[in-house]
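*Asks:* below are the sequence and a predicted model; questions follow.
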Amino acid sequence: MDKKKSLLRVKLLQSKNIKIETKKLLYKAISKLTEKQRTVIVLYYFKGLTDIEISKISKTSTQNITFLRLRALKNLKKSLNEYIKK
């Protein structure tokens with residue numbers, strides 16, 4: 001497991017409002033994302049940055065960051081639905 005994934009797992013496990021089972025499923029789903037999608041999700045939802053701030057950091061257009069975030073959410077929803085059905 002690489003360092004970014006480990007840090008994400010720690011962040012998820014430290015979150016107090018999510019049950020452990022849900023955290024594990026969310027971690028699995030997030031780890032399936034591309035590195036760019038994962039980075040945007042972490043910066044947006046865990047660090048509280050806006051799409052504009054993320055675009056400045058990553059030197060990518062705001063539109064691309066928004067696209068990556070929305071695509072990541074779609075992929076997360078799909079992965080989580082698959083886990084729930086199992």
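*Replies:* Received it, and whenever you're ready, just let me know what you need.
*Asks:* by mean pLDDT, which helix or strand of this protein comes out lowest?
*Replies:* Least confident helix or strand of the chain, by mean pLDDT, DSSP states H and E, is helix 3-14 with a mean of 60.
*Asks:* rounded mean pLDDT for whatever helix or strand comes next after that one, please.
*Replies:* Proceeding N to C from helix 3-14, the next assigned helix or strand is helix 20-31, under DSSP states H and E. For helix 20-31, the mean pLDDT works out to 83.
*Asks:* before we move on, what about stretch 75-86?
*Replies:* 84.
*Asks:* distance of Ile54 relative to Ile20?
*Replies:* In this view, Ile54 and Ile20 are 29 Å apart by Cβ to Cβ, to the nearest Å. Just so you know, the C-beta spots here come from the backbone N, C-alpha and C atoms, and that holds for glycine as well.
*Asks:* how far off centre is stretch 60-77?
*Replies:* 10 Å (Cα atoms, centre = their mean, to the nearest Å).
*Asks:* give the buried residues for that stretch.
*Replies:* 60, 65-66, 68-69, 72-73, 75-76 (16 or more other Cβ atoms under 10 Å).
*Asks:* ok, Leu25 touching Asn81?
*Replies:* No. Applying Cβ atoms under 8 Å as the test, Leu25 and Asn81 come out as separate, 10.6 Å apart.
*Asks:* these two: which is more packed in?
*Replies:* Taking neighbours as other Cβ atoms under 10 Å, Leu25 and Asn81 compare with Leu25 leading, 18 against 10.
*Asks:* from Gln63, how far out is that one?
*Replies:* Distance from Leu25 to Gln63, by Cβ to Cβ: 30 Å.
*Asks:* repeat that for Lys85.
*Replies:* For Lys85 relative to Gln63 (Cβ to Cβ), the value is 33 Å.
*Asks:* mind listing what the residue nearest to the spatial centre of the chain touches?
*Replies:* For the chain, Ile41 is the residue whose C-alpha lies nearest the centre (Cα atoms, centre = their mean; 3.5 Å). Neighbouring residues of Ile41 by Cβ atoms under 8 Å, 6 or more residues apart in numbering: 30, 33, 69, 72-73, 76.
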